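A.B. asks: with the sequence up front, the predicted model follows.
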Amino acid sequence: MSCLLRRRSQSVIVAWAVAFVLNQAAAAASVTIGVSNVRSPMGHIRFSICSRATFLHDSCEFEARTPAIVGTTTIVFPDIPPGRYAVQIFQDEYDDGIVHRGMLGIPTEGIGFSNDAALHLHGPKFNDAAFDVGDRAVALTIRLRRLMP
């Protein structure tokens with residue numbers, strides 16, 4: 001009897017775990033990011049969707065790149081789990097994966113952040129760039145900024 005009860009308990013736990021995982025997958029939403037003010041077709045636009053812990057770092061939870069298109073360049077991240085995130089982008093003109101900087105540490109390539117967050121000495125604050133992802137699609141537009149001519 002206890003063996004039968006244990007199997008039923010295990011079956012219930014497995015069913016609950018599968019339902020939980022499927023529910024989490026269903027809750028994921030797409031995030032579409034359009035980057036305006038792209039002035040050059042050189043290289044790629046690199047996109048990073050970051051949590052508070054990874055924002056303004058080189059490795060965020062979700063990263064992608066797409067060829068730079070003069071005017072507006074757009075990308076879609078199809079399955080972003082619910083949470084609070086911020087986007088950081090840059091135009092990787094040399095396709096080397098790094099943001100080139102001038103003598104004072106100012107980026108020489110175009111950069112941008114969600115909500116067009118204001119830049120401070122060390123970049124924008126997470127809360128200024130943050131947005132929420134739930135179970136509905138999110139669409140953002142970010143203006144690519146050149147801090148050096």
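C.D. replies: Cool, the structure landed.
A.B. asks: this structure: strands as residue ranges?
C.D. replies: 29-38, 44-50, 62-67, 71-80, 83-92, 111-113, 130-133, 138-143 (DSSP state E).
A.B. asks: could you redo those as TSV and give each row mean pLDDT, distance to residue 103 and mean neighbour count?
C.D. replies: (C-beta placed from N, C-alpha, C; glycine too.) Below are those laid out as TSV (pLDDT from 0 to 100; distance: least, CB to CB, whole Å; neighbours: other CB atoms under 10 Å):
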stretch	mean pLDDT	distance to residue 103	mean neighbour count
strand 29-38	98	25	18
strand 44-50	98	23	22
strand 62-67	97	27	15
strand 71-80	97	29	15
strand 83-92	98	19	22
strand 111-113	97	17	23
strand 130-133	98	31	16
strand 138-143	98	25	16
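A.B. asks: so for the chain, the centremost residue is which one?
C.D. replies: By CA atoms, centre = their mean, the chain has its centre lying nearest to residue 49, at 1.4 Å.
A.B. asks: if we ignore the residues flanking it in sequence, what's nearest it?
C.D. replies: residue 62 (4.0 Å; CB to CB, 6 or more residues apart in numbering).
A.B. asks: do you know how far that neighbour is from residue 41?
C.D. replies: Noted for residue 62: a distance of 25 Å to residue 41, by CB to CB, to the nearest Å.
A.B. asks: and residue 68, by the same measure?
C.D. replies: 5 Å.
A.B. asks: quick one: contacts for the nearest residue to residue 115 once chain neighbours are set aside?
C.D. replies: Closest residue to residue 115 apart from its sequence neighbours, by CB to CB, 6+ apart: residue 129 at 5.3 Å. The contact partners of residue 129, taken as CB atoms under 8 Å, 6 or more residues apart in numbering, are 55, 86, 87, 88, 113, 114, 115, 117.
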